[in-house]
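1. quick check, what structure comes out for this input:
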Amino acid sequence: MRQALYGADGFYRRERPHRHFRTSVHASPAFGAAVTRLLGEVDERLGRPRVIDFVDMGAGDGLLASQVLAGAPADLASRLRVTAVDLSSRPDGLDERVRWADAVPDGVTGLIFANEWLDNVPVDVAEWTSEGPRLVLVDPASGEERLGDLDAKDREWLERWWPVGERAEIGWPRDEAWAGLIGRLAAGMAVAVDYSHVRSDRPPMGTLIGYRDGSWVPPVPDGSCDLTAHVALDACAGTLTTQREALLRLGVRGDRPPLDLARQDPAGYLRALSAASAAAELIDREGLGTFGWLTWIR
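-> Below you'll find the model as predicted:
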């Protein structure tokens, strides 16, 4: 999985993810506005420091970083340092004020925001057999599978966090990636937003899947598709809630505009209705609203 995503010819070395799937950032500008409000809260809690950081982890096309920069109030914007972190090259046309990096800088004071990043941290897959859990090995050319041996660290993680099922993604690399991320935070907040599940409700067959051109494809690790698996966010340090709960607190509603507006300003009503529909998608109880929001405060 690591080689297929991040190797010399890996998927993320060649592709921008927004060409293949939508995230909440692309679903509605209300998401970026909510993240900007969250940054403002962090800024206030820190006493409005001389320099306040916003780090967009796994930035992709840099849209979230651009939205936060554009939407920040003047006082915040004057002190704001925005860093977009991604392994791909800097997108054409990105605001020159956005720093582009391949790693999170150390000593961040502000907000680190990782939207759909942990689901692409490579993990191994285990399968339960009559002899206990075994490692699933995959031929990267054909997708053919065979079983191998798990090491003690894999077994320990499964026993604690995913003890039953038929297949599981072994999540300790995500736990360690998150720990490394929050270790870069000097003061402020780190947030991870992702497809997720908790110990009491693990999917029995696991969640590993491939994406290409907006469609699911077999998760063959040959570099031709995105490989993703939902995240056991409860195994990572922090406070866990849902995207719906987090965005409602940050003012995202998705309420229909008043019908009177349709008579007074039909075009304005249609724009408001479209914006409300997009915002509602972010907090949908059956869709994006079920995403996990993991928060760490320092």
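2. for Gly188, list each beta-bridge partner.
-> Gly188 has these beta-bridge partners by DSSP bridges: Gly110.
3. look up the pLDDT of it for me, please.
-> At Gly188, the pLDDT value in this model is 98.
4. and for it, the neighbour number?
-> 23 (other CB atoms under 10 Å). C-beta: built from backbone N, CA, C; applies to glycine.
5. list the contacts for it?
-> Going by CB atoms under 8 Å, 6 or more residues apart in numbering, Gly188 touches Val42, Arg45, Leu46, Asp53, Val108, Thr109, Gly110, Leu111, Ile112, Ile297, Arg298.
6. from those residues, list just the buried residues.
-> Buried members of these, counted by 16 or more other CB atoms under 10 Å: Val42, Asp53, Val108, Thr109, Gly110, Leu111, Ile112.
7. thought Asp53 was touching the fifth one, still the case?
-> I take that to be Gly110. Yes. If you go by CB atoms under 8 Å, Gly110 and Asp53 touch, sitting 3.4 Å apart.
8. and the closest residue to Leu137 other than its chain neighbours, how many neighbours does it have?
-> In space, and not counting its chain neighbours, Leu137 is closest to Gly148: 4.8 Å by CB to CB, 6 or more residues apart in numbering. For Gly148, the neighbour count with other CB under 10 Å is 9.
9. which of the three states applies to Val68?
-> Classification of Val68 using DSSP: H, G, I helix; E, B strand; the rest coil returns helix.
10. look at it and report its pLDDT.
-> pLDDT, Val68: 97.
11. for Ile182, give me its contacts.
-> Each residue near Ile182 by CB under 8 Å, 6+ apart is listed here: Ile112, Ala190, Ala237, Gly238, Trp296, Arg298.
12. which residues in the stretch 1-150 of the chain form strands?
-> Along the stretch 1-150 of the chain, counting by DSSP state E, counting those that start in this stretch, strands occupy 52-57, 80-85, 99-101, 108-115, 124-129, 132-138, 145-148.
13. quick check: which of those strands is nearest to Gly287?
-> strand 108-115 (15.4 Å; CB to CB).
14. ok, residues contacting that closest one?
-> 23-25, 35, 38-39, 42-43, 46, 49, 51-58, 64, 81, 104, 181-182, 184-194.
15. try 6 Å this time
-> Strand 108-115 has contacts (CB atoms under 6 Å, 6 or more residues apart in numbering) with 35, 39, 42, 49, 52-57, 184-193.
16. list buried residues within those residues.
-> By 16+ other CB under 10 Å, the contacts of strand 108-115 give 35, 39, 42, 52-57, 184-185, 187-193 as buried.
17. want to throw the buried ones among the contacts of Gly188 into a markdown table with pLDDT?
-> Below are these laid out as a markdown table (pLDDT from 0 to 100):
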| residue | pLDDT |
| --- | --- |
| Val42 | 98 |
| Asp53 | 98 |
| Val108 | 98 |
| Thr109 | 98 |
| Gly110 | 98 |
| Leu111 | 98 |
| Ile112 | 98 |
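18. with distance to Ala168 as added columns, please give those residues in JSON lines.
-> As requested, the buried ones among the contacts of Gly188 are exported to JSON lines (distance: CB to CB, whole Å):
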{"residue": "Val42", "distance to Ala168": "35"}
{"residue": "Asp53", "distance to Ala168": "36"}
{"residue": "Val108", "distance to Ala168": "32"}
{"residue": "Thr109", "distance to Ala168": "37"}
{"residue": "Gly110", "distance to Ala168": "35"}
{"residue": "Leu111", "distance to Ala168": "32"}
{"residue": "Ile112", "distance to Ala168": "28"}
